[in-house]
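In: the following comprises the amino acid sequence and a computationally predicted model.
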Amino acid sequence: MEQLINFPHRTLRIDSTGLPLEWIDFREAAKLYSVGDVIYTLGDHLYTIKGGVNAKSGLRSEININSIVATRGRSKHFQQKLAKFTPPLSNQTLFKRDDHLCLYCGSQYSKRELTRDHVTPISRGGQDIWQNVVSACKRCNNLKGGKTPEESSMGLLAIPFAPSYAEYILLQGRNILADQMKFLLNHIPKSSPIIERIQSKDKVSTRLKN
């Protein structure tokens, strides 16, 4: 198991109906397999965890981990609650929602170069909620100051929004594999700005390859 400590890919856990729930590391995945909570798997084989050797058979135990695993539990009531779910707001997830773009100047930055800007400033009655915050570079944030976009003549390039639960799971992912991405995108409306940005990136990538 020590060889997997820095394994870059996580397993996507879903419920029995196929609803994406969370990302889990190899320890959590192995536990689900070992206690029999995995009811079916999807996607590709990720890795094999080798355990101890059986004293009688001389065979070494193995657990094959897939990229997507469905587990027991979760009710229809739980799914109804997720429909009203508002994810916790953090800079890391906000910057990923906005594709690390400053939504004022349109340039892309690292997370260290971005700030959380309140479209309607807190001092003007604005709230610290998804629908009122955007990623902004430090320069644009300073230029805008305590004004609204209209007052500062700095128009927004996109309308801020609260991610759905499936969008939030996607934004939380790191090193998402192709099969995991495809699965998650099937749970997100095609009109989602996140999907539009992913598709736009794919088109650019295809043009560069050709």
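Out: Thanks, I have it.

In: which is the succeeding secondary structure element to the longest strand anywhere in the chain?
Out: What stands out as the longest strand in the chain, according to DSSP state E, is strand 38-53. Per DSSP states H and E, the first helix or strand lying C-terminal to strand 38-53 is strand 60-71.

In: contacts for that next one next, please.
Out: Residues outside strand 60-71 that contact it (CB atoms under 8 Å, 6 or more residues apart in numbering) are 9, 11-16, 18, 21, 26, 29-30, 32-34, 37-54, 177, 179-180, 183. Just so you know, the C-beta spots here come from the backbone N, C-alpha and C atoms, and that holds for glycine as well.

In: circling back to that earlier point, tell me what angle the longest strand of the chain forms with strand 60-71.
Out: Counting by axes from the mean of the first three to the mean of the last three CA atoms, to 10 degrees, strand 38-53 lies at 160 degrees to strand 60-71.

In: just the C-alpha atoms of strand 38-53, please, in PDB.
Out: Extracted C-alpha coordinates of strand 38-53, given in PDB (Å, rounded to 0.1, in the frame of the first residue of the first chain):
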ATOM      1  CA  VAL A  38     -19.400  -2.000  -3.500                       C
ATOM      2  CA  ILE A  39     -22.400  -3.300  -5.400                       C
ATOM      3  CA  TYR A  40     -21.100  -2.600  -8.900                       C
ATOM      4  CA  THR A  41     -18.300  -0.800 -10.700                       C
ATOM      5  CA  LEU A  42     -17.900   1.300 -13.800                       C
ATOM      6  CA  GLY A  43     -15.000   2.800 -15.700                       C
ATOM      7  CA  ASP A  44     -11.500   1.400 -16.000                       C
ATOM      8  CA  HIS A  45      -9.400  -0.600 -13.600                       C
ATOM      9  CA  LEU A  46      -7.300   1.900 -11.600                       C
ATOM     10  CA  TYR A  47      -4.900  -0.200  -9.600                       C
ATOM     11  CA  THR A  48      -4.600  -3.400  -7.600                       C
ATOM     12  CA  ILE A  49      -3.900  -3.400  -3.800                       C
ATOM     13  CA  LYS A  50      -2.100  -6.500  -2.600                       C
ATOM     14  CA  GLY A  51      -2.700  -7.700   1.000                       C
ATOM     15  CA  GLY A  52      -1.200 -10.500   3.100                       C
ATOM     16  CA  VAL A  53      -0.500 -14.100   2.200                       C
END
